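*Asks:* Give me a model of this one.
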Amino acid sequence: MTEPILLLPGLMCDSRVFSAQIAALSRRWPVMVAPLGPGERIEEMASAILSAAPAKFALAGLSMGGILAMEVLRRAPERVTRVALMDTTPLAATPVEIAARDGWLVRATAGKLDDAMAGELPADALAPGPGRPGIQAKLVAMWRNLGQQAYLRQARALARRKDQQATLRKVRQPALVLCGAHDRLTPPKRHEFMAELIPFARLAVIESAGHLPTLEAPAEVTRALIDWMGQPLVLR
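*Replies:* Residues are numbered from 1 along each chain as shown. All right, here's what the predicted structure looks like:
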């Protein structure tokens, strides 16, 4: 079966966050990247994604894209052939997170988008090493291209997100749960928990990466996604 792959990027990211995976996976499968789109709620964004998606598709989401992937899966499990959740969380926002994001929203509203994003994605959320500044530069280019209004919508949606643990317990599709070992925003322990919720899920921890392994360790992430696409659709 040649399943199209639908990729959902993270907060204030676009297709560039998946550039290496698109180049490799598109040799074997149709690959699409869905923008996070309009709306200030995860539910609204998921509806927009589903309205533009193929009838059936493999679904992979990174960070906020993973949160959206869970909502897409909750709404239309019959359309999702398999799911990959990367550096994300099934939990609702905590009061501490909401309070911090309120401060970042104030900065962004005042025209200080770079300050808001430095709070959302601090440098130490990425793995240490010589590659970190280059990845940060790519992130800055993406969020400046998307702009203030996109951030305000996406940040408000994250603050209002719902708990998706029940959704994960119902997953019967082949599932990959992947994260970077240095991810302090959604750490490996969170992903171990997610993998335990999903029947038959495979867990992959990328030792050389932090919160954005698609950029930090692209070859390893691509191999994990190719293996995921090779899993049989019927799990036992």
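
*Asks:* Dihedrals phi and psi, the residue nearest in space to the middle of the chain?
*Replies:* Nearest to the geometric centre of the chain sits residue 62, at 1.7 Å (C-alpha atoms, centre = their mean). Phi and psi for residue 62, reported as degrees, to the nearest 10, are phi -110, psi 130.

*Asks:* so it touches residue 215, yeah?
*Replies:* No. Judged on C-beta atoms under 8 Å, residue 62 makes no contact with residue 215 at a distance of 9.6 Å. C-beta here means a position set from N, CA and C on the backbone, and glycine is covered the same way.

*Asks:* what residues are shared contacts of the two?
*Replies:* Listed as contacting both residue 62 and residue 215 by C-beta atoms under 8 Å, 6 or more residues apart in numbering are residue 17.

*Asks:* tell me the domain ranges of this structure?
*Replies:* 5-91+162-229, 95-155 (automatic domain parsing).

*Asks:* and the gap between the residue lying closest to residue 203 once chain neighbours are set aside and residue 35?
*Replies:* Nearest in space to residue 203, with sequence neighbours left out and distances taken as C-beta to C-beta, 6 or more residues apart in numbering, is residue 195 at 4.1 Å. Distance, residue 195 to residue 35, using C-beta to C-beta, to the nearest Å: 28 Å.

*Asks:* what does residue 129 give?
*Replies:* 30 Å.

*Asks:* okay, those two: which has more neighbours?
*Replies:* Neighbours were counted for residue 129 and for residue 35 using other C-beta atoms under 10 Å; residue 35 has more, 16 against 13.

*Asks:* Return the residues in contact with the more buried one.
*Replies:* 9, 14.

*Asks:* go on, residue 215?
*Replies:* Going by C-beta under 8 Å, 6+ apart, the list of residues near residue 215 reads 17, 20, 135, 138.

*Asks:* Strands along this protein, start to end?
*Replies:* 5-8, 31-33, 57-62, 80-86, 175-180, 202-206 (DSSP state E).

*Asks:* So what's the gap between the first one and the chain middle?
*Replies:* For strand 5-8, the separation from the chain centroid amounts to 10 Å (computed by C-alpha atoms, centre = their mean, to the nearest Å).

*Asks:* How about residues contacting that strand?
*Replies:* For strand 5-8, the surrounding residues in contact (C-beta under 8 Å, 6+ apart) are 15, 18, 21-22, 25, 29-34, 36, 49, 53-54, 57-62, 64-66, 68-69, 72, 225, 229.

*Asks:* pLDDT on that strand, on average?
*Replies:* Averaged across strand 5-8, the pLDDT comes to 98.

*Asks:* Given it, what are its sheet partners and their directions?
*Replies:* Its sheet considered, strand 5-8 pairs with strand 31-33 (parallel), strand 57-62 (parallel) by DSSP bridges.
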